[in-house]
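> what follows is a protein structure lacking sequence information:
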């Protein structure tokens, strides 16, 4: 592990817990959250919008994994989302820079592309696969907050004191979400989640993207370990979607047409490949997903 003392914000949440477990034994980990979690680590209780509590938490850290956030459009008003995800991130990066933190790995979202949440008046991709050069067309407060957060990270990186790595995970298919995934698969047209006791609706946008939390946590750990080459961004996704139809067929069905396909061989060889170009993630971060939940989506017993 490149860094010895790491702060994980949002460490008590679903993704944060997985990241803490992934880092266990590799470095000294402390958590920051609204309340102390169950992990046997030192905890800092506070809110990202409280600059003083943030400053105390980052003191003495080599690196930060920034996960704490309003996690979707259903978890708070637009105003609250901006306060936590934008102002809160500014508080964290400012405090990190002041404290001499070397690297911050920021949890963003594929929602920055603007084709994830139906309530956000989604705009379909202009071409496939979607790479890092694709326009960001977020139209909902959550997606917009993540776009602003990424640009904020870039700005801090340009100042030369902080190394900023941005992760763009798709819908994280936690075990707690498997029943929601199954129910959606049974009747996609009538699914209005959460309908099966999950913490939120089965997500992933029209093509049902997903990533296993174990893979996501490993990617964040690799973001701490990678050789820094300047501000960088990485899409994180399983290598297949959960959609019952192949990706291009699904997109044609939902949108009514297909955008420019810049890599036809990708979808010919892997019909259920995601909309996102994962080559940069594989080549630079060195990450490739090991798991997928298609067995769950196809109503088979995933164990």
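Good, I have the coordinates. Owing to the predicted nature of the structure, the values given are computational and were not obtained by experimental measurement. Residues are numbered from 1 along each chain as shown.
> hey, let's count contacts and neighbours off CA atoms from now on
Will do.
> and residue 32, how close does it get to residue 4?
17 Å (CA to CA, to the nearest Å).
> tell me which of those two has more neighbours.
It is residue 32, of residue 32 and residue 4, that has more neighbours when counted by other CA atoms under 10 Å, with 28 against 12.
> pretty sure residue 38 is touching residue 13, no?
No - with contacts defined as CA atoms under 8 Å, residue 38 does not count as touching residue 13, sitting 10.2 Å away.
> more crowded one of those two?
Each of residue 38 and residue 13 had its neighbours counted (other CA under 10 Å), and the higher figure belongs to residue 13 (16 against 10).
> per-residue pLDDT of that one, please?
The confidence metric pLDDT takes the value 96 at residue 13.
> next up, phi/psi of it, please.
Geometry field for residue 13 lists phi and psi as phi -80, psi 180, criterion degrees, to the nearest 10.
> likewise residue 45?
Here the main-chain torsion angles of residue 45 (degrees, to the nearest 10) amount to phi -100, psi 120.
> what about it, distance to residue 277?
Applying CA to CA, one obtains 37 Å for the distance of residue 45 from residue 277.
> quick one: residue 252 and residue 258 touch, right?
Yes - checked against CA under 8 Å, the pair residue 252 and residue 258 is within contact range at 5.5 Å.
> now the strands for the stretch 51-200 of the chain?
Ranges of strands in the stretch 51-200 of the chain, per DSSP state E, counting those that start in this stretch, are 63-66, 103-107, 127-128, 163-169.
> tell me which of residue 252 and residue 258 has more neighbours.
Set side by side, residue 252 and residue 258 show unequal neighbour counts under other CA under 10 Å, the larger going to residue 258 at 18 against 12.
> is that one in contact with residue 264, as I believe?
No - taking contacts as CA under 8 Å, residue 258 lies outside contact range of residue 264: 11.9 Å.
> could you list the low-pLDDT ranges of the chain?
Of all residues in the chain, those with pLDDT under 70 make up the ranges 120, 299-303.
> packing partners for the longest helix that it contains?
If each helix of the chain is counted by residues according to DSSP state H, the longest one is helix 141-158. If you count contacts as 3 or more CA pairs under 8 Å, 6 or more residues apart in numbering; DSSP states H and E, helix 141-158 packs onto helix 78-82, helix 88-99, strand 163-169.
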